[in-house]
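[1] No letters, just coordinates:
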């Protein structure tokens with residue numbers, strides 16, 4: 001993607017993300033219509049759907065030839081990543097949105113021929129915007145995030161973990177995950193994959209591990225993390241499939257191999 005084109009798309013996308021966040025805050029205390037999707041804890045609200053529709057309408061009005069993948073189904077039937085593809089989660093952390101009215105984010109990743117070009121993760125209630133353009137670094141609001149050059153001993157690392165997977169994990173043996181938790185300094189769960197990826201990018205977390213995420217959960221975060229020198233793979237250490245669900249391991253590169261080899265691969269079923 002040419003730099004001038006990327007800058008133009010970036011500016012439009014940023015304005016739409018901030019506008020969508022403003023609308024969400026305005027509607028925050030309105031009565032919510034809450035439904036479930038795949039299971040009782042997989043929630044969706046009218047605001048999720050309205051927000052995704054807002055993005056689709058904005059994108060198509062300016063870039064009618066761009067493809068859109070959206071969690072709530074308002075985008076296109078995307079079977080390839082040729083051309084420009086927007087991957088959108090209108091509210092990542094809907095359970096937090098419903099129950100806490102905080103700790104949720106808008107996530108927008110923009111890919112060109114399969115390469116991540118632009119990423120936004122917007123912590124709506126804190127008014128904190130994480131952003132990145134390929135090869136131009138990542139930012140938290142207007143502050144550039146430092147690169148992950150420092151070595152982090154595993155026993156000093158803080159990991160983000162989906163604790164549900166510690167109860168029933170079909171990919172990695174639970175005992176291996178328990179061993180990992182006992183080894184690191186601490187673990188945290190925030191309930192929003194997008195925010196957890198942003199926290200890895202800024203260094204609040206040294207890594208994040210979960211066993212199943214969709215493209216819209218990770219599209220923006222992958223770009224932002226990689227612009228800080230972080231690494232993202234599945235639990236086998238392989239590349240992410242941006243058109244399907246993946247296990248996800250993202251971290252400071254200094255702890256990647258030891259966790260993959262000594263804990264995850266050692267516990268693979």
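    Ah, there it is. The structure presented is a predicted model; accordingly, all values stated were derived computationally and were not measured. Residues are numbered from 1 along each chain as shown.

[2] how does this protein divide into domains?
    Listed by automatic domain parsing, the domain ranges of the chain are 3-144, 154-267.

[3] Tell me which of the ones you listed is the most buried.
    Stretch with highest mean neighbour count among the domains of the chain: domain 154-267 (a mean of 19; mean count of other C-beta atoms under 10 Å). Yep, even glycine has a C-beta here, placed from its N, CA and C like the rest.

[4] chain center to it: distance?
    Averaging C-alpha positions (C-alpha atoms, centre = their mean, to the nearest Å) puts domain 154-267 11 Å from its chain's average.

[5] do stretch 90-99 as well
    13 Å.

[6] What lies in contact with it?
    20, 24, 32, 34, 41, 43-45, 47-49, 51-52, 54-55, 70-72, 102-107, 190-195, 216-217 (C-beta atoms under 8 Å, 6 or more residues apart in numbering).

[7] Ends of that stretch, what's the gap?
    With C-alpha to C-alpha, to the nearest Å applied, stretch 90-99 spans 17 Å between its terminal residues.

[8] ok, back up a step: which of the contacts of stretch 90-99 fall within strands?
    Counting by DSSP state E, those place 34, 43-45, 70, 105-107 in strands.

[9] Any stretches of the stretch 101-250 of the chain with poor pLDDT?
    165-170 (pLDDT under 70).

[10] Tell me which stretches of it form helices.
    Taking DSSP state H, counting those that start in this stretch as the criterion, the stretch 101-250 of the chain carries its helices at 164-167, 174-183, 193-202, 215-227.

[11] in this structure, what residue sits furthest out from the centroid?
    residue 31 (27.4 Å; C-alpha atoms, centre = their mean).

[12] and the longest helix for the protein?
    Ordering each helix of the chain by length in residues (DSSP state H) puts helix 3-27 first.

[13] dump the residue contacts of residue 102.
    So residue 102 contacts 96, 125-126 (C-beta under 8 Å, 6+ apart).

[14] okay if I get these as CSV plus distance to residue 63?
    Formatted as CSV, the contacts of residue 102 follow (distance: C-beta to C-beta, whole Å):
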residue, distance to residue 63
96, 31
125, 29
126, 29
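
[15] The residue nearest to residue 111 when sequence neighbours are not counted: what secondary structure?
    Nearest non-adjacent residue to residue 111, counting by C-beta to C-beta, 6 or more residues apart in numbering: residue 85, 4.8 Å away. Here residue 85 is recorded as strand under DSSP: H, G, I helix; E, B strand; the rest coil.

[16] Just grab the bridge partners of residue 85 for me.
    residue 67, residue 111 (DSSP bridges).

[17] Kindly reformat the helices of the stretch 101-250 of the chain as TSV containing distance to residue 63.
    Shown next, in TSV, are those (distance: least, C-beta to C-beta, whole Å):
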stretch	distance to residue 63
helix 164-167	37
helix 174-183	42
helix 193-202	22
helix 215-227	17
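
[18] Residue 138 is nearest to which of these?
    helix 215-227 (3.9 Å; C-beta to C-beta).

[19] The residue lying closest to residue 104 once chain neighbours are set aside and residue 195, how far apart?
    Leaving aside its chain neighbours, residue 104 sits nearest to residue 93 (3.5 Å; criterion: C-beta to C-beta, 6+ apart). To residue 195, residue 93 is 7 Å away according to C-beta to C-beta, to the nearest Å.

[20] what is in contact with these two at once?
    103-105.

[21] between these, which is closest to residue 2?
    residue 105 (28.8 Å).

[22] give the contact list for the nearest residue to that closest one once chain neighbours are set aside.
    Spatial nearest neighbour of residue 105, chain neighbours left out: residue 194 (4.4 Å); criterion: C-beta to C-beta, 6+ apart. Counting by C-beta under 8 Å, 6+ apart, residue 194 touches 89, 92-93, 105, 107, 121, 217-218, 220-221.

[23] could I get the residues you listed as a markdown table with distance to residue 162?
    Output for the contacts of residue 194, formatted as a markdown table (distance: C-beta to C-beta, whole Å):
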| residue | distance to residue 162 |
| --- | --- |
| 89 | 16 |
| 92 | 13 |
| 93 | 12 |
| 105 | 16 |
| 107 | 17 |
| 121 | 18 |
| 217 | 11 |
| 218 | 13 |
| 220 | 19 |
| 221 | 15 |
